[in-house]
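*Asks:* A structural model of the following input is requested.
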Amino acid sequence: MTKTSPPIPFGSERTDLDKSPLEIPGLLSRPIWRELRTFLAVAKSPSFAQAAELLGTSAPTVSRDVKRLQDQIGSQLVISRFSGVTLTETGRKLAMQIADLDFQLFVYSNELKEEADAVTGRVVVSATSGLAVAIVAPAVSRLSDNYPRLNLDIREQVSLVSFEKNQADLMISLSPTSRADIECMQAGTLHLIPVASSDYLRKYGIPLRNTGSRHAFLQCKYYDSDREIWNGWRELINGGQHAHYCENSLAYFALVKNGAGIGLLGSYVLADPELVPLDLNVHVALPIYLISYANRRQSKAVGAVYDWLIDVFGTNSSFGAGLTFPSGRSEQEESLREMLKTISSPSASQPD
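*Replies:* Residues are numbered from 1 along each chain as shown. Next up, the predicted model:
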């Protein structure tokens with residue numbers, strides 16, 4: 001005979017002891033929701049006037065809302081000076097929490113909108129400037145053809161390593177994330193190689209490993225690290241003429257494009273016929289990851305953009321596991337040295 005266990009006094013079957021928050025009478029928060037939104041606009045703006053422009057109201061109204069919020073909380077949040085406004089430490093902490101809440105409300109409102117239409121709404125994608133301009137933006141028309149009511153919001157990355165700080169639905173990242181609530185899928189590989197413009201090579205000649213001291217190298221903030229993966233590039237920088245330093249990836253590309261020196265760029269830029277890959281025994285392969293909250297992938301709009309991005313990188317040979325050259329250059333890999341010699345005169349290869 002099976003002996004039955006006595007019921008647990010406070011088990012899950014006691015639904016009368018497990019109330020929903022909606023069953024609790026009254027509101028816990030103070031009547032400051034409008035003021036909180038105003039304060040977030042102030043935190044994201046250098047002045048009350050610009051915050052008012054963001055909200056579509058007047059600067060005096062913004063000032064009154066902030067004062068009312070400070071009176072309710074009992075703490076100073078903003079310091080107003082002639083030069084603009086700055087946040088106190090308490091204000092900064094509150095602004096970060098409100099920004100997170102603002103993003104969650106954005107996510108929830110998008111999910112509600114999507115119930116009316118299978119694939120509609122706005123999807124935020126965070127990407128570096130280089131990948132956004134060269135890879136993501138040119139492929140948006142293909143996404144629009146398939147989903148005309150889907151709006152893509154491409155944003156510059158606030159952080160290259162933190163998914164949360166970018167406040168996006170999807171993030172194209174070079175750093176993997178390992179968390180139970182986040183999905184991280186490799187979408188391809190970014191191949192960084194030394195590149196110079198044709199004009200630079202005509203003027204200064206072909207750089208070789210043993211003649212690097214004669215050439216100008218361009219350093220980017222992203223590569224300025226003591227990690228082992230950058231050793232080869234760092235040796236070239238240290239052995240050559242360190243010409244310029246750049247933090248902005250698009251400006252860095254422009255420096256290389258306009259002949260300011262030799263840079264380390266993704267192989268996808270070789271679609272530009274004026275840019276030439278250099279055989280300097282440096283090749284940095286970085287996995288590209290597509291990161292999202294696991295529950296957001298259930299949204300049809302986010303899922304559609306996710307699949308589109310996987311296809312964008314998966315069908316581009318520049319982001320394959322092995323290094324190849326776009327625009328037919330794969331056929332010229334074995335004759336790379338000959339190709340370089342044809343665009344550089346003998347006299348130019350021996351600068352004074």
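
*Asks:* would you map the strands across the stretch 201-350 of the chain?
*Replies:* Counting by DSSP state E, counting those that start in this stretch, one finds strands in the stretch 201-350 of the chain at the ranges 216-220, 241-246, 263-266, 275-277, 284-293.

*Asks:* determine how far the third one lies from the middle of the whole chain.
*Replies:* Relative to its parent chain, strand 263-266 has a centroid offset of 18 Å by Cα atoms, centre = their mean, to the nearest Å.

*Asks:* then the last one?
*Replies:* A distance of 11 Å separates the C-alpha centroid of strand 284-293 from that of its chain, computed with Cα atoms, centre = their mean.

*Asks:* show me what counts as buried in that strand.
*Replies:* 284, 288-293 (16 or more other Cβ atoms under 10 Å). All C-beta atoms are positioned from the backbone trio N, CA, C, and that covers glycine.

*Asks:* equivalent analysis for stretch 314-324, please.
*Replies:* Counting neighbours by 16+ other Cβ under 10 Å, stretch 314-324 gives 318-319, 323 as buried.

*Asks:* repeat that for stretch 40-60.
*Replies:* Buried-residue list, stretch 40-60, by 16+ other Cβ under 10 Å: 40-43, 45, 47-48, 50-52, 55.

*Asks:* swap in stretch 186-199?
*Replies:* Buried residues in stretch 186-199, counted by 16+ other Cβ under 10 Å: 187-198.

*Asks:* just these: which are in helices?
*Replies:* Members of these lying in helices (criterion: DSSP state H): residue 198.

*Asks:* how about the buried residues of stretch 186-199 in a markdown table, adding distance to residue 73 and pLDDT?
*Replies:* Below are the buried residues of stretch 186-199 laid out as a markdown table (distance: Cβ to Cβ, whole Å; pLDDT from 0 to 100):
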| residue | distance to residue 73 | pLDDT |
| --- | --- | --- |
| 187 | 44 | 96 |
| 188 | 47 | 96 |
| 189 | 49 | 96 |
| 190 | 46 | 96 |
| 191 | 52 | 95 |
| 192 | 48 | 96 |
| 193 | 54 | 96 |
| 194 | 55 | 95 |
| 195 | 54 | 96 |
| 196 | 57 | 95 |
| 197 | 56 | 95 |
| 198 | 61 | 93 |
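
*Asks:* quick one: the buried residues of stretch 186-199 as TSV, columns for distance to residue 67 too.
*Replies:* Formatted as TSV, these follow (distance: Cβ to Cβ, whole Å):
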residue	distance to residue 67
187	48
188	51
189	53
190	49
191	55
192	51
193	57
194	57
195	55
196	58
197	56
198	61
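
*Asks:* on that earlier part again, what is the lowest-pLDDT residue among the buried residues of stretch 314-324?
*Replies:* By pLDDT, residue 323 ranks lowest within the buried residues of stretch 314-324, coming in at 87.

*Asks:* setting aside sequence neighbours, what's the nearest residue to that residue?
*Replies:* Distances taken as Cβ to Cβ, 6 or more residues apart in numbering place residue 191 nearest to residue 323, at 4.7 Å, with adjacent residues excluded.

*Asks:* avg pLDDT for the longest helix seen in the chain?
*Replies:* Selection of the longest helix in the chain by residue count, based on DSSP H, yields helix 89-114. Helix 89-114 shows a mean pLDDT of 86.
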